[in-house]
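>>> Based on what follows, work out the 3D shape:
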Amino acid sequence: MNKELEMNAPIKAAYTKGNKEERKVIIVEMEKWEDKRKIMERIHKLRGQKVFIESELTDNEKKIQFRLREIVRSENEKGGRVKVGYKKVIINGKLYTWKKGEEGFLKDNANENNLKN
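Presented below is the predicted three-dimensional model:
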């Protein structure tokens, strides 16, 4: 991954979470905050790989991002073009954002349509 991100930053600590049946999560703590920022700026270079990099999230934010990923998987199976971001997803060119207070819904900003999870 160093090659794709075009950097070699020192890691303070790293450990895995999950088991073989689940998707493994690798938690990495960087030595310097600046290195983390650079990595976050270069995430786009990993597009097309089965790698997700995120900043540490609150429990609620983790639940939202998990639900968004479920939607992404479902839409990918249908053959849709999907991009996921922080509390948002783009499906076939339409931007959906998480609607605060109504868990399970994404709001299509342009057409006021909702997408159920």
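>>> Can you show me the CA trace of the longest helix along the chain as PDB?
Determined from DSSP state H, the single longest helix within the chain is helix 59-77. The C-alpha trace of helix 59-77 is given here as PDB (Å, rounded to 0.1, in the frame of the first residue of the first chain):
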ATOM      1  CA  ASP A  59     -20.300   4.500  17.600                       C
ATOM      2  CA  ASN A  60     -23.200   6.200  15.800                       C
ATOM      3  CA  GLU A  61     -21.000   7.200  12.900                       C
ATOM      4  CA  LYS A  62     -19.700   3.600  12.600                       C
ATOM      5  CA  LYS A  63     -23.300   2.300  12.400                       C
ATOM      6  CA  ILE A  64     -24.200   4.800   9.700                       C
ATOM      7  CA  GLN A  65     -21.100   4.000   7.600                       C
ATOM      8  CA  PHE A  66     -21.800   0.200   8.100                       C
ATOM      9  CA  ARG A  67     -25.400   0.700   6.700                       C
ATOM     10  CA  LEU A  68     -24.000   2.800   3.800                       C
ATOM     11  CA  ARG A  69     -21.600  -0.100   3.000                       C
ATOM     12  CA  GLU A  70     -24.500  -2.500   3.000                       C
ATOM     13  CA  ILE A  71     -26.300  -0.300   0.500                       C
ATOM     14  CA  VAL A  72     -23.100  -0.100  -1.600                       C
ATOM     15  CA  ARG A  73     -22.800  -3.900  -1.700                       C
ATOM     16  CA  SER A  74     -26.500  -4.300  -2.700                       C
ATOM     17  CA  GLU A  75     -26.200  -1.700  -5.400                       C
ATOM     18  CA  ASN A  76     -22.900  -3.200  -6.700                       C
ATOM     19  CA  GLU A  77     -24.700  -6.600  -7.000                       C
END
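>>> For the helix or strand that it is followed by, which helices and strands make contact with it?
Per DSSP states H and E, the first helix or strand lying C-terminal to helix 59-77 is strand 82-85. Strand 82-85 sits against helix 59-77, strand 88-91, with contacts defined as 3 or more CB pairs under 8 Å, 6 or more residues apart in numbering; DSSP states H and E. From N, CA and C alone the C-beta is placed, and that goes for glycine too.
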